[in-house]
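Enquirer: Just need the structure, nothing else, for what follows:
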Amino acid sequence: MSVILKETGAEEIALRKFDTGKMFGFQREKKMDFANYKMEWPREGLTVRCFAHDIMNYRYHWHPDEYELNILLHGSQEYCRGTQNVLLEEDDVLLTPPGVGHASFGQQANTTAIVLHFSAAAIRPFFKKSGVYHFPTCLSDEGTRTEERYRQIRFYASQIFTLMQQNSLYAQLAVRASLELLLVVLCTEFEPQRLNEMPEDERRRSTIRRLLTYVEEHYAEKLTLENLADFAQYNRTYVSTLFKQVVGVNFHEYLSRVRFQHALNDLALTKDGLTDIALRNGFADLKTFNARFRATLHRTPTEYRAQLSPDRVIRVGERKFLLSEDPILQAKLRAYLKVGC
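Expert: The predicted model follows:
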């Protein structure tokens, strides 16, 4: 069983219970009854969040400074990571780094997954050079999903999930330890590659946040790099470089992402014509929208719309969480936590 919950900003909310452990310098947030848990260590800039959800229609998004680890529990999941489209089956594992656009689509009813988010800051001590690191080989398939390295990933992710669910006295210490062991597996078994810089100074981070907010507010308009530079009161070259270094893509690619994200939502939730959707969300014409759709999801908007089932469509800003005692979820957690599974 699962329940659809709305989001506030980037975070979903439900019935909430707050528990602050001041002596450990962390904040823990537990979603009552739903498989959705979060811990924060503000002094270290570290957040760990895990949830289990029912995978519905495509909802294109990205996380500026968080990794997303996806483990498929049941069903079949089409997953888009960057320009890569893959089909995940039961027990498959996939890791998406910060800043990389991604979306998933449940191929059948009751397609469910465990998702673990953790801050990019968690991985910083493992590398001499600061920045965001990608693990492109952390993607299992029929021939690799039973390998020991993927068993270890499932084991530590399930351990984190179970510890946060149980919420015992020393859960925060155990979660940190389990996360570090998971990161050791990633760094030693999955060939990390440096994607882009992660700014240490608050001034640069604040600037990029302002720029991204401006893009979100004006994406439907004829927006140029010059407009963005004028808004930020920096020269065009600096803004262009900052985008590439910090966000990981250039300004025009990021703007296309935002437009695509909103157009994809309209495509699923309205009956509006494709041209109206394209123009309303800032695309120059239908041809440009179609080209972006094909490049990202490897199909046309018309083909995608035909695949949608009315009872399996949710909005951007919603997520269909599993209940914490969902039988498939609990059975999978037990299986993953067994030695050698």
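
Enquirer: so how far is the helix or strand harbouring residue 217 off the chain centroid?
Expert: In the assignment (DSSP states H and E), residue 217 maps to helix 202-218. Between the centre of helix 202-218 and the centre of its chain there are 19 Å (C-alpha atoms, centre = their mean, to the nearest Å).

Enquirer: mind saving the C-alpha coords of it as PDB?
Expert: What follows is helix 202-218, C-alpha atoms only, in PDB (Å, rounded to 0.1, in the frame of the first residue of the first chain):
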ATOM      1  CA  GLU A 202      29.500  30.800   0.700                       C
ATOM      2  CA  ARG A 203      29.700  33.800  -1.700                       C
ATOM      3  CA  ARG A 204      29.900  31.700  -4.800                       C
ATOM      4  CA  ARG A 205      27.200  29.300  -3.500                       C
ATOM      5  CA  SER A 206      24.900  32.200  -2.700                       C
ATOM      6  CA  THR A 207      25.400  33.600  -6.200                       C
ATOM      7  CA  ILE A 208      24.600  30.400  -8.000                       C
ATOM      8  CA  ARG A 209      21.500  29.900  -5.800                       C
ATOM      9  CA  ARG A 210      20.300  33.400  -6.900                       C
ATOM     10  CA  LEU A 211      20.900  32.600 -10.500                       C
ATOM     11  CA  LEU A 212      19.100  29.300 -10.400                       C
ATOM     12  CA  THR A 213      16.100  31.000  -8.700                       C
ATOM     13  CA  TYR A 214      16.000  33.600 -11.400                       C
ATOM     14  CA  VAL A 215      16.000  30.900 -14.100                       C
ATOM     15  CA  GLU A 216      13.100  29.100 -12.300                       C
ATOM     16  CA  GLU A 217      11.100  32.300 -12.200                       C
ATOM     17  CA  HIS A 218      11.700  33.400 -15.800                       C
END
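
Enquirer: other SSEs contacting that helix?
Expert: When contacts are defined as 3 or more C-beta pairs under 8 Å, 6 or more residues apart in numbering; DSSP states H and E, helix 202-218 sits against helix 225-232, helix 236-242, helix 251-269. Backbone N, C-alpha and C define where each C-beta goes, glycine included.

Enquirer: hey, which of those helices is tucked in deepest?
Expert: With neighbours taken as mean count of other C-beta atoms under 10 Å, the helices and strands packed on helix 202-218 reach their highest mean count in helix 251-269, at a mean of 20.

Enquirer: What lies in contact with it?
Expert: Residues outside helix 251-269 that contact it (C-beta atoms under 8 Å, 6 or more residues apart in numbering) are 57-62, 101, 103, 212, 215-216, 219-220, 223, 225, 228, 239-240, 243, 247, 249, 272, 274, 277-278, 280-283, 289, 292-293, 296, 301, 304-305, 308, 313, 315-316.

Enquirer: which residues touch residue 160?
Expert: By C-beta under 8 Å, 6+ apart, the neighbours of residue 160 are 48, 50, 116, 175, 178-179, 182.

Enquirer: and if we set it to 10 Å?
Expert: Counting by C-beta atoms under 10 Å, 6 or more residues apart in numbering, residue 160 makes contact with 37, 39, 48-50, 69, 114, 116, 118, 171, 174-179, 181-182.

Enquirer: Same check on residue 89?
Expert: 72, 74-77, 107, 140-142, 145.

Enquirer: For the contacts of residue 160, which ChimeraX command selects only the ones that are buried?
Expert: To isolate in ChimeraX the members of the contacts of residue 160 that are buried, counting by 16 or more other C-beta atoms under 10 Å, one can use:
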select :37,39,48,49,50,69,114,116,118,171,174,175,176,178,179,182
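
Enquirer: from the contacts of residue 160, which ones fall inside helices?
Expert: Here DSSP state H is the test, and those give 171, 174-179, 181-182 as lying in helices.

Enquirer: now the helices for the chain?
Expert: 148-166, 171-189, 202-218, 225-232, 236-242, 251-269, 274-280, 286-297, 301-307, 327-337.

Enquirer: With only the CA atoms kept, save the fifth one in PDB.
Expert: Read that as helix 236-242. What follows is helix 236-242, C-alpha atoms only, in PDB (Å, rounded to 0.1, in the frame of the first residue of the first chain):
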ATOM      1  CA  ARG A 236      28.700  37.500 -19.000                       C
ATOM      2  CA  THR A 237      32.000  35.500 -19.000                       C
ATOM      3  CA  TYR A 238      32.000  35.100 -15.200                       C
ATOM      4  CA  VAL A 239      28.400  33.900 -15.100                       C
ATOM      5  CA  SER A 240      29.000  31.500 -17.900                       C
ATOM      6  CA  THR A 241      32.100  30.000 -16.200                       C
ATOM      7  CA  LEU A 242      30.300  29.800 -12.800                       C
END
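
Enquirer: who's in contact with it?
Expert: Under C-beta under 10 Å, 6+ apart, the answer for helix 236-242 is 197, 199, 204, 207-208, 211, 224-226, 228-235, 250-252.

Enquirer: repeat for the fourth one
Expert: Helix 225-232 is touched from outside by 207-208, 210-211, 214-215, 218, 221, 223-224, 234-240, 242-243, 250-252, 255, with contacts defined as C-beta under 10 Å, 6+ apart.

Enquirer: make it 6 Å
Expert: If you take C-beta atoms under 6 Å, 6 or more residues apart in numbering as the criterion, helix 225-232 is touched by 211, 214, 236, 239, 251.

Enquirer: any idea of the mean pLDDT in it?
Expert: Confidence over helix 225-232 (mean pLDDT, whole number) is 93.
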